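**Q** what's the 3D shape of this:
(2 chains)
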Amino acid sequence: MAKAIPSRSENYSEWYNELIKKADLAENSAVRGCMVIKPYGFSIWEKMQRALDDMFKETGHSNAYFPLFIPKSFLSKEASHVEGFAKECAVVTHYRLKNAEDGSGVIVDPEAKLEEELIVRPTSETVIWSTYRNWIQSYRDLPLLINQWANVVRWEMRTRIFLRTAEFLWQEGHTAHATADEAMDETRQMLDVYARFAEEWMAMPVIRGAKTPNERFAGAEDTLCIEAMMQDGKALQAGTSHFLGQNFAKAFEVQFLTKENKLDYVWGTSWGVSTRLMGALIMAHSDDDGLVLPPKLAPIQVVIVPIFKNEEQLAQLSAKVKPVMQELRKLGITVKFDDSDANKPGWKFAEYELRGVPVRLAMGMRDLENGTVEVARRDLKTKETVALDGIVGHIQNLLDDIQQTIYQKALQFRESNMFRVDSYDAFKEQIEKGGFILAHWDGTSETEEAIKEETKATIRCIPLDAPEEEGQCIYTGKPSSRRVVFARAY
RNA sequence: CGGGGUGUAGCGCAGUCCGGUUAGCGUACCUGGUUUGGGACCAGGUGGUCGCAGGUUCGAAUCCUGCCACCCCGACCA
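**A** Here you go, the predicted structure:
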């Protein structure tokens, strides 16, 4: 049997790319830097969207939609914001094409030049805050809690499916508040929503933390993030939540009257997660046999493979399987019965493993005689033969167990790849081996830059739960009061 | 935008240095048969602007010139 995909340990990038292709998740498109998300991949994204959207609604947010195009002048209203995004913007300069005079095809009509160029949104703060100006007059209009599901474009030099593409799908929350405290609470609350989603749905442990000023979102006063460890020991920023202070309110003149009848600028937040989470999901759990999906996000949770020699046997097996399927579906479990004759059972086993289906049932004539079924779990690759009686409850428990087991496995991996390091020599040695490094840092951008320059490691975050601990910066020896997380990152 | 590499059937590749039958292999696909508890086997078959445009030549996948696309490594980044 030929290996379906290259080994994870030999070449992580190749493994990642081949896995995405073989598991039918996505592919590079003919359009520069853009990807096509295929139906199977998209169905996973849809499950993520639904779960996240529910969590946003539970925390009082509503969905809305704002324009794809941003007038150039909007973008330049917040100085650090435009500086952060200027280098990666797609710009619309014309609005019409025409036939070339030499018959060579269509060309951009030079007569149809826009007076003001439009930027394809790299993020929507500017267009949204220009709208909020009209929506907010009094403290009674606050808080304004809006989320948008959209696509954005960032003209990246180099792309990688799901992790960094020129166009990507995401959600971006944009809220406005009467006080700084309230906005900060919102920033923390949404970070917590992301962390809970990552841990409870994606089965992916994350570190909640704050970015250093260097790594902050362009235009934010504070950026909180969740950082996850991939199986090659590199870090992936999985979500961010920004406290914007009054920066955008001031740039777009969004003022309100307080209870005391005083005019004040509103306080803002923004927060987002993207299709990058798909990349995180793949890299956090999958193995050399393919995708490993947490049951809560698996488009197919249970696949049933009948093993038969002829139509008559298939009919007998189907009769036995149908009631089980009905009961599973009643419990909200997604089941697929693959009775196609196109492929042999062995082929099907491998195929569903590649696609990460958490539980597989196989049933043949032998089982029919014994009143049993073979149950295989994707995460551990183990099989057991159990009685058909009570199989539904068994599967329900098994799905829960798989969800827990993948989380615990990822957590253990992360714990065993976190290192406390107290000298720069040890730091340099460890960073080559991968993993997260907890080390003291003097708090300056200069030190952060120098370490990045020399080791390619960045400060992923200052953990929110980092205990106070006196120490000395590994680079300068200056005093430090807590450890921060260093790692190489995607 | 720098450094390296690759474009030949849906996918993966050989052939290119040293020009010469009808461009080949694996896989996938189609037909028939045997199979079916871990990616089956046999037989037959479909499918090609050899990345594009020029040039050299009796003759170009192969040599020359220009262009384009993609991948990997950097800079940039969710």
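**Q** residues in contact with A:T447?
**A** A:W441, A:C473, A:Y475, A:T476 (Cβ atoms under 8 Å, 6 or more residues apart in numbering). All C-beta atoms are positioned from the backbone trio N, CA, C, and that covers glycine.
**Q** Am I right that the last one is in a helix?
**A** Think A:T476. No: applying DSSP: H, G, I helix; E, B strand; the rest coil, one finds A:T476 to be coil, outside a helix.
**Q** that older thread, for the contacts of A:T447, which single residue is the most surrounded?
**A** A:W441 (24 neighbours; other Cβ atoms under 10 Å).
**Q** tell me the SS of the residue lying closest to that one once chain neighbours are set aside?
**A** Distance criterion Cβ to Cβ, 6 or more residues apart in numbering; nearest residue to A:W441, sequence neighbours excluded, is A:V484 at 5.0 Å. Put simply, A:V484 is strand when judged by three-state DSSP.
**Q** Show the contacting residues for A:V484.
**A** A:T212, A:L438, A:A439, A:H440, A:W441, A:I459, A:C461, A:I462, A:P463, A:A466.
**Q** hmm, 6 Å instead?
**A** Going by Cβ atoms under 6 Å, 6 or more residues apart in numbering, A:V484 touches A:W441, A:I459, A:I462.
**Q** State the distance from the last one to RNA strand B.
**A** In this view, A:I462 and RNA strand B are 16 Å apart by Cβ to the nearest atom of the strand, to the nearest Å.
**Q** Not counting the helix or strand containing that residue itself, show me its contacts.
**A** Per DSSP states H and E: A:I462 is located in strand A:458-463. Applying Cβ under 6 Å, 6+ apart, the set of residues contacting strand A:458-463 from outside is A:207, A:209-210, A:212, A:225, A:227, A:235, A:448, A:452, A:484-487, A:489.
**Q** Show me which of these are buried.
**A** A:207, A:209-210, A:212, A:225, A:227, A:235, A:448, A:484-487, A:489 (16 or more other Cβ atoms under 10 Å).
**Q** Show me the two of those that sit farthest apart.
**A** A:I207 and A:E448 (17.5 Å; Cβ to Cβ).
**Q** Doesn't A:L169 lie inside a helix?
**A** No: counting by three-state DSSP, one finds A:L169 to be strand, located in no helix.
**Q** isn't A:L224 right next to A:G239, touching?
**A** No: applying Cβ atoms under 6 Å, one finds A:L224 not in contact with A:G239, separated by 9.0 Å.
**Q** residue contacts, the residue nearest to A:D465 when sequence neighbours are not counted?
**A** Once flanking residues are discounted, A:D465 sits nearest to A:R208: 7.2 Å by Cβ to Cβ, 6+ apart. Counting by Cβ under 6 Å, 6+ apart, A:R208 touches A:L191, A:A195, A:I226, A:L464.
**Q** number of nearby residues for A:F436?
**A** 24.
**Q** Got phi/psi on it?
**A** When read as degrees, to the nearest 10, the backbone of A:F436 gives phi -100, psi 140.
**Q** give the contact list for it.
**A** A:M418, A:V485, A:A487.
**Q** Then A:V193?
**A** A:M55.
**Q** now with 10 Å?
**A** A:L52, A:M55, A:F56, A:E58, A:T59, A:H61, A:G173, A:G239, A:S241, A:W271, A:V273 (Cβ atoms under 10 Å, 6 or more residues apart in numbering).
**Q** With neighbour count, secondary structure and distance to A:L398 as added columns, please give those residues in a markdown table.
**A** Output for the contacts of A:V193, formatted as a markdown table (neighbours: other Cβ atoms under 10 Å; DSSP: H, G, I helix; E, B strand; the rest coil; distance: Cβ to Cβ, whole Å):
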| residue | neighbour count | secondary structure | distance to A:L398 |
| --- | --- | --- | --- |
| A:L52 | 20 | helix | 26 |
| A:M55 | 18 | helix | 26 |
| A:F56 | 21 | helix | 30 |
| A:E58 | 9 | helix | 28 |
| A:T59 | 15 | coil | 32 |
| A:H61 | 22 | coil | 34 |
| A:G173 | 22 | strand | 35 |
| A:G239 | 27 | strand | 29 |
| A:S241 | 28 | strand | 35 |
| A:W271 | 26 | strand | 35 |
| A:V273 | 25 | strand | 29 |
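**Q** can you tell me which of the residues you listed are up against RNA strand B?
**A** Filtering the contacts of A:V193 for proximity to RNA strand B by Cβ under 7 Å from any atom of the strand leaves nothing.
**Q** Now render those as CSV, adding pLDDT.
**A** Shown next, in CSV, are the contacts of A:V193 (pLDDT from 0 to 100):
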residue, pLDDT
A:L52, 98
A:M55, 98
A:F56, 98
A:E58, 98
A:T59, 98
A:H61, 98
A:G173, 98
A:G239, 96
A:S241, 97
A:W271, 97
A:V273, 96
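**Q** ok, so of the residues you listed, who is nearest RNA strand B?
**A** Of all those, A:G239 has the smallest distance to RNA strand B: 7.9 Å, by Cβ to the nearest atom of the strand.
**Q** Now the residue nearest to the spatial centre of chain A: which helix or strand?
**A** Of all residues in chain A, the one closest to the mean position by Cα atoms, centre = their mean is A:L277, 1.6 Å from it. Assigned by DSSP H and E, A:L277 belongs to helix A:276-285.
**Q** and that helix, which residues are buried?
**A** A:R276, A:L277, A:M278, A:G279, A:A280, A:L281, A:I282, A:M283, A:A284, A:H285.
**Q** Now do that helix: which elements does it pack against?
**A** helix A:12-22, strand A:26-28, helix A:39-58, strand A:167-177, strand A:222-229, strand A:235-245, helix A:391-415 (3 or more Cβ pairs under 10 Å, 6 or more residues apart in numbering; DSSP states H and E).
**Q** Could I get these in TSV, plus columns for distance to A:P345?
**A** Formatted as TSV, those follow (distance: least, Cβ to Cβ, whole Å):
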stretch	distance to A:P345
helix A:12-22	19
strand A:26-28	28
helix A:39-58	21
strand A:167-177	36
strand A:222-229	36
strand A:235-245	36
helix A:391-415	19
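**Q** Out of those, which is closest to A:E101?
**A** Using Cβ to Cβ, the helices and strands packed on helix A:276-285 put strand A:167-177 closest to A:E101, at 32.9 Å.
**Q** Tell me how far that closest one lies from the chain's centre.
**A** Taking Cα atoms, centre = their mean, to the nearest Å, one finds the center of strand A:167-177 at 13 Å from the center of the full chain.
**Q** Could you tell me which residues make contact with the nearest residue to A:M184 once chain neighbours are set aside?
**A** Spatial nearest neighbour of A:M184, chain neighbours left out: A:F243 (5.5 Å); criterion: Cβ to Cβ, 6+ apart. Contacts for A:F243 (Cβ under 10 Å, 6+ apart) come out as A:180, A:183-188, A:210, A:216-217, A:220-224, A:267-271.
**Q** Would you mind writing the ChimeraX command to select the buried ones in those?
**A** Those of these that count as buried under 16+ other Cβ under 10 Å are selected in ChimeraX with:
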select /A:183,184,186,187,188,210,216,217,220,221,222,223,224,267,268,269,270,271
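**Q** which residues of chain A fall in helices?
**A** For chain A, the helices defined by DSSP state H occupy A:12-22, A:39-58, A:72-75, A:79-85, A:125-135, A:180-196, A:247-251, A:276-285, A:311-330, A:345-354, A:365-370, A:391-415, A:424-433, A:445-455.
**Q** Highest mean neighbour count out of these?
**A** Stretch with highest mean neighbour count among the helices of chain A: helix A:276-285 (a mean of 26; mean count of other Cβ atoms under 10 Å).
**Q** Great, nothing more from me.
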